[in-house]
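Engineer: model this:
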Amino acid sequence: MAERAQLQEGLVVSSHGRHYVVEAASGARHMCHPRGKKGQAVVGDRVQWLLPPAGQGEEGSIEKVLPRKNLFYRQDEIRTKSFAANIDQVLILIAAEPVFSESQLARALIAAEAAHIRPIIALNKRDLTDAFAAAWQRLAPYRQMRHGQDEPHYEVLQLSLTTEGESDKALLMQHLRGKSTLVLGPSGSGKSTLINLLIPGTNAATGEISQALNSGKHTTTTTTWYWMDAAHETALIDSPGFQEFGLRHLQPTDLARCMPDIGALADQCKFYNCTHLHEPGCAVMAQVEAEGSPHAISASRYRIYGDLFEELSQETRY
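Structural biologist: So this is what the prediction gives:
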């Protein structure tokens, strides 16, 4: 009589096309494939999976994805790209050079707000004095946003990962310890430097997985979950760089609640269904570049809101 495979629970720690690496309760990691034609698991998912009986292959199978507390993803007109599930926060790493896109930063922040995931902004390359000063000034609207009167809405960190690695490591650990954090950033921001500073040897670990798949092409295009401590209380999730960040999964009317500076004023408008673009008595429009006001909205932030509202309004027509 054939030995029956045993159903067990595990954590998806890496994905490579149609293959997943699942970490068992013992800490052992196994290559698995999804049951059925289309796999729905993402890194960070808790799954029920089967290890095959002896002599029936080496790959396990994912039988079920357990309920998630959240999912961080982007969506454009062509596809949906899921970064990770069941995370506590997302660290958005940008740099003084190359000059970061405020639109892409805002989009990532909106996606985090929509998923109820805490975002942290980190500006790298403080050693580039002039460029850093200009970039830091561009972040003024994000540094000045407040919960109520005093508490900053966004934590904004200054980093110089190549020149002040150990001090930056200590600063980062204050914010990462005890949490599962997705690291997100465009190419050139220093994300690989950050990952290797916090978890030495990650390149080797990624290479081992690629070797197991007889492919090296996934080393820079996959999301991977790394434990930072033996107790498995702190995790860092590395993700591919991105050039675009679609928000097609949101409605135009979702934007205000996902942009704190605009959402704080949205319920003070004359009309309950105000779009904050042209209506009389709009409390949001009244605060755009309102010098000296504690609720002032920067012109760049308002422009991003208007552009996204138009973009999402066009997409909802199809």
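Engineer: Low-confidence regions, the chain specifically.
Structural biologist: Residue ranges of the chain with pLDDT under 70: 1-5, 37-39, 53-57, 148-149, 203-221, 315-318.
Engineer: Domain boundaries for it, per the record?
Structural biologist: Split into domains by automatic domain parsing, the chain comes to 6-65, 71-238, 252-315.
Engineer: Please convert the ones you listed to TSV, extending it with mean neighbour count and distance to E244.
Structural biologist: Quick note: C-beta positions are derived from backbone N, CA and C, even for glycine. Listed next are the domains of the chain as TSV, based on neighbours: other CB atoms under 10 Å; distance: least, CB to CB, whole Å:
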stretch	mean neighbour count	distance to E244
domain 6-65	17	19
domain 71-238	17	7
domain 252-315	16	12
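Engineer: now for the ones you listed, which one comes closest to G246?
Structural biologist: Checking the domains of the chain against G246 by CB to CB gives domain 71-238 as the closest, at 3.2 Å.
Engineer: Between its first and last residues, how far does that closest one reach?
Structural biologist: From its first residue to its last, domain 71-238 covers 15 Å (CA to CA, to the nearest Å).
Engineer: Can you lay out the domains of the chain as CSV showing distance to F245?
Structural biologist: Shown next, in CSV, are the domains of the chain (distance: least, CB to CB, whole Å):
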stretch, distance to F245
domain 6-65, 17
domain 71-238, 4
domain 252-315, 11
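Engineer: Show me where the stretch 101-250 of the chain has its helices.
Structural biologist: 102-114, 129-138, 140-144, 165-176, 191-198, 202-212 (DSSP state H, counting those that start in this stretch).
Engineer: Can you say which of the ones you listed is nearest to C258?
Structural biologist: Among the helices of the stretch 101-250 of the chain, if distance is taken as CB to CB, the winner is helix 102-114, at 4.1 Å.
Engineer: Could you list the residues in contact with the closest one?
Structural biologist: Contact with helix 102-114 is made by 72-74, 90, 92, 94, 118-119, 121, 138, 142, 154, 184, 186, 242-247, 249-250, 254-255, 257-260, 300-301, 304, 307-308, as judged by CB atoms under 8 Å, 6 or more residues apart in numbering.
Engineer: What about the spatially most central residue of the chain? Give its phi and psi, please.
Structural biologist: In the chain, the centroid-proximal residue (CA atoms, centre = their mean) is V90; its distance is 4.6 Å. For V90, the backbone dihedrals are phi -130, psi 130 (criterion: degrees, to the nearest 10).
Engineer: What sits closest to it if chain neighbours are left out?
Structural biologist: Spatial nearest neighbour of V90, excluding adjacent residues (CB to CB, 6 or more residues apart in numbering): L182 at 4.6 Å.
Engineer: residue contacts, that neighbour?
Structural biologist: Neighbours of L182 in contact, by CB under 8 Å, 6+ apart: F72, F83, A84, I87, Q89, V90, L91, I237, S239.
Engineer: Would you agree the fourth one is in contact with Y73?
Structural biologist: No - with contact defined as CB atoms under 8 Å, I87 does not reach Y73; the gap is 11.4 Å.
Engineer: hmm, back to that, and the residue nearest to V90, how far is that from H30?
Structural biologist: L182 sits 23 Å away from H30, going by CB to CB, to the nearest Å.
Engineer: now the end-to-end length of stretch 42-61.
Structural biologist: Distance across stretch 42-61, first residue to last, is 14 Å (CA to CA).
Engineer: Could you do stretch 237-249 as well?
Structural biologist: Start-to-end span of stretch 237-249 (CA to CA) is 23 Å.
Engineer: same deal with stretch 241-256?
Structural biologist: This stretch, stretch 241-256, spans 27 Å end to end (CA to CA).
Engineer: which residues sit against that stretch?
Structural biologist: Stretch 241-256 is contacted from outside by 73-77, 80-81, 104, 107-108, 110-111, 114, 184-187, 189, 191, 220, 258, 262-263, 266, 275-276, 284, 305, 308-309, 311-313, 315-316, using CB under 8 Å, 6+ apart.
Engineer: how about L277, what does it touch?
Structural biologist: Under the criterion of CB under 8 Å, 6+ apart, the contact list for L277 reads M285, G306, F309.
Engineer: do T163 as well
Structural biologist: By CB under 8 Å, 6+ apart, the residues touching T163 are R126, D127.
Engineer: Let's see which of the contacts of stretch 241-256 end up in strands.
Structural biologist: Y73, R74, Q75, T80, K81, L184 (DSSP state E).
Engineer: ok, the fifth one - contacts?
Structural biologist: Looking back up the chat, that one is K81. Counted by CB under 8 Å, 6+ apart, K81 has contacts Y73, R74, Q75, F242.
Engineer: how close does it sit to P67?
Structural biologist: Look at K81 and P67: by CB to CB, they are 21 Å apart.
Engineer: So what's the residue count around E244?
Structural biologist: 11 (other CB atoms under 10 Å).
Engineer: Format the helices of the stretch 101-250 of the chain as CSV; extra columns: distance to A25.
Structural biologist: Shown next, in CSV, are those (distance: least, CB to CB, whole Å):
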stretch, distance to A25
helix 102-114, 30
helix 129-138, 44
helix 140-144, 40
helix 165-176, 24
helix 191-198, 25
helix 202-212, 20
